[in-house]
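Enquirer: sequence-free structure coming up:
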């Protein structure tokens, strides 16, 4: 069964990246920073569709392929974008410098991007001086899952039940829902309230610095202070909410690219077991349109019903001025 899934996975990758791909949709326009994209947006071979009102609990970003078929960014976008250079697809959830904690909704059908809610309130990360919001484009690798039932042999912590996180350190600011190809450089072992929460460090392969950044040591040399800032950001970002500082494995040291790829492959295997129903999903929605041998595979009509049942796109809600407050911790 595993071999069959692997062949289907590689086949879908070739279908997406080969010469037979449908042309990119030209209806979607690029917008300047600070402006919002409407209805449909282009992100490589994927389109996104907004539903609900931005800055509200009902806001969702759904994904479609180049043929307009709805899909899950968690399950249907391939992990590997290009095998020879070992490039991975990254789903951007949070643009650099922004505060809204946007994330793949793992427990909702088709796993749209939504803003996290705690105690009935939308979540925003605090501005901890000197940083404004997130200090990288933040997102996730599709087809990965940090299994809460699997204990890491080094940190002795179990996974956080989410796709593996990515910090993209290039110069461009992306938007929520873009799918970009990244080169992995290293990984940080963050421990969040006792759970393993890996942070992959990567760079957009089209970034001007991509050719010069090939390892975590390159980042240390070419971007002095960036890795230290990353550790401090993750250590303190929950402190203004009354939470304790986060901890780290390996004495707060970043592990290299080979170690990162090993962790990514492991989380991909955990995802594979999840989508094949070989393991308890724990409430995660595995509805998909492309995963071979998956009992959760669904029809085009089913996916359309999921999206069309969500509220139509509307005007954005105002954001509280408190979001721009500085915190000194």
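Expert: Looks like it came in fine. The shown structure was predicted, so the numbers you read here are calculated from the model rather than taken from an experiment.
Enquirer: any idea whether residue 231 is helix, strand or coil?
Expert: When classified by DSSP: H, G, I helix; E, B strand; the rest coil, residue 231 comes out as helix.
Enquirer: can you tell me which residues contact it?
Expert: The contact partners of residue 231, by C-beta atoms under 8 Å, 6 or more residues apart in numbering, come to 188, 248, 252. Every residue, glycine included, has its C-beta placed from N, CA and C.
Enquirer: What's opposite the second one in the beta bridge?
Expert: Under DSSP bridges, the beta-bridge partners of residue 248 are residue 190.
Enquirer: low-confidence ranges in this structure?
Expert: Low-confidence segments of the chain, defined by pLDDT under 70: 1-44.
Enquirer: Point to the residue nearest the middle of it.
Expert: residue 140 (2.1 Å; C-alpha atoms, centre = their mean).
Enquirer: from the contacts of residue 231, which would you call buried?
Expert: Listed as buried from the contacts of residue 231 are 188, 248, 252; burial here means 16 or more other C-beta atoms under 10 Å.
Enquirer: Quick check: residue 263 vs residue 290, distance?
Expert: Using C-beta to C-beta, to the nearest Å, residue 263 is found at 24 Å from residue 290.
Enquirer: Kindly report the same for residue 166.
Expert: 22 Å.
Enquirer: Repeat that for residue 168.
Expert: As judged by C-beta to C-beta, residue 168 and residue 290 stand 25 Å apart.
Enquirer: got it, and residue 98?
Expert: Taken as C-beta to C-beta, the span from residue 98 to residue 290 is 30 Å.
Enquirer: Please, where are all the helices along the stretch 151-300 of the chain?
Expert: 216-222, 226-236, 257-275, 300-308 (DSSP state H, counting those that start in this stretch).
Enquirer: Mind listing what's buried along the longest one?
Expert: Going by neighbour count (16+ other C-beta under 10 Å), the buried part of helix 257-275 is 257, 259-260, 263-264, 266-268, 270-272, 274-275.
Enquirer: Please apply the same query to the last one.
Expert: Within helix 300-308, the residues scored as buried using 16+ other C-beta under 10 Å are 303, 306-307.
Enquirer: for that helix, packing partners?
Expert: strand 70-71 (3 or more C-beta pairs under 8 Å, 6 or more residues apart in numbering; DSSP states H and E).
Enquirer: For the strand it packs on, which outside residues touch it?
Expert: For strand 70-71, using C-beta under 8 Å, 6+ apart, the contacting residues are 62-65, 77, 110, 288-290, 300, 303-304, 306-307.
Enquirer: No further questions, thank you.
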